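Engineer: Here's my sequence, what's the structure:
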Amino acid sequence: MVALVAGVIGTFIVLRGSGFLGDALAHAIFPGVVVAFLIGANLLAGALVAGLSMAALMALLTANERVGGNTSIGVIFTAAFALGVVILSRHHINSDQLEGILFGDPLGAGWPDVALTVGIGGGVLAVVVALWRLFVIASFDPNGARTMGLPVLGLDLLLLLLTALTVVVAFKAVGDILVISLLITPAATARLFTDRLLPMAATAASLGIAAGVAGIYIGYHAGVSPGGTIVLVSTATFFGAWLLAPRHGILTAGLARRSGALLQARPEAEAEIILASPEIRAPHDA
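Structural biologist: Predicted coordinates for the structure are as follows:
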């Protein structure tokens, strides 16, 4: 569920070039998680309260035209993370507990965590599916969307809210520091394989699920952090695609350009390929 939701929302984040937003929200939930931990409450519940509060505060700050989106993000996420550090510094916490907060603890998830993840994740996906066309128009052609009378600002704020909820959902799996990778890396990998939005979202979700399953098994059997392993598996997949993706991989694109250069240098080879095609050969065969 975490990988599915993060893949879909991450697709819009990558295409909009707003990865900084996801990173900011990941840090913004830190004080809520710390407070929940110290009072013995559910960590996801604390992350949910903090994430929604910080998303609302970011939206409020950007209402002032002199405060840009990136400016408000920089102010809020650093202040929120610093607040969590200050609260944490006043209490004793062992390294294992701190590792769970920062790097996730998917193997320690209980049924309340699962129920909250499924509930929030299902709600996020339902909203995205219902408003898919509106999100696409607002993301790729905001001026045209305004001309059509669509509430572009409202859609942007709603996407901000959905991103905050996705960060909350992903927190238990990979922790506060690594959550941005679950949002960005599968979507960035999927972009190397396809130029269409819906296949990109589906591919990002599939890659995230595969990395999640592989990372948990590898982390469990190797005795290392499952959250960190999930991120490393996803990153390795990205670099593999960066090199070998059929159309946009560095190596495959270089080989394609080289093949094109060879054809230009040998026009008779290009003629042989054209004449060998079924469309050209068929009339002569008939």
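Engineer: how near is residue 243 to residue 165?
Structural biologist: 34 Å (C-beta to C-beta, to the nearest Å). C-beta here means a position set from N, CA and C on the backbone, and glycine is covered the same way.
Engineer: When the two are compared, which one has more neighbours?
Structural biologist: Taking other C-beta atoms under 10 Å, residue 243 and residue 165 do not tie; residue 165 has more neighbours (23 against 13).
Engineer: Locate the more buried one within the secondary structure: which element?
Structural biologist: helix 152-191 (DSSP states H and E).
Engineer: ok now that helix, how far from the chain's centre?
Structural biologist: The chain centroid and the centroid of helix 152-191 are separated by 5 Å, computed with C-alpha atoms, centre = their mean, to the nearest Å.
Engineer: State the mean pLDDT of it.
Structural biologist: Here helix 152-191 scores 85 as its mean pLDDT.
Engineer: what packs against the helix or strand just after it?
Structural biologist: Remark: after helix 152-191, the chain's next helix or strand is helix 197-222, criterion DSSP H and E. Secondary-structure packing of helix 197-222 (3 or more C-beta pairs under 8 Å, 6 or more residues apart in numbering; DSSP states H and E): helix 2-16, helix 152-191, helix 226-244.
Engineer: in helix 197-222, what's buried?
Structural biologist: 197, 200-205, 207-209, 211-212, 214-216, 219 (16 or more other C-beta atoms under 10 Å).
Engineer: again, but for stretch 226-238
Structural biologist: 226-234, 237-238.
Engineer: Give me the contacts around it.
Structural biologist: Stretch 226-238 has contacts (C-beta atoms under 8 Å, 6 or more residues apart in numbering) with 103-107, 173-175, 178, 181-182, 185-186, 188-189, 192, 207-208, 210-212, 214-216, 218-220, 222.
Engineer: next one: stretch 153-167
Structural biologist: 5-6, 9-10, 12-13, 21-22, 25-26, 28-29, 47-48, 51-52, 54-55, 58-59, 120-121, 123-124, 127-128, 131, 134-135, 138, 145, 179, 183.
Engineer: Derive a PyMOL selection command for the buried subset of those residues.
Structural biologist: Per 16+ other C-beta under 10 Å, the buried members of those correspond to this PyMOL selection:
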select buried, resi 5+6+9+10+12+13+21+22+25+26+28+29+47+48+51+52+54+55+58+59+120+121+124+127+128+134+135+138+145+179+183
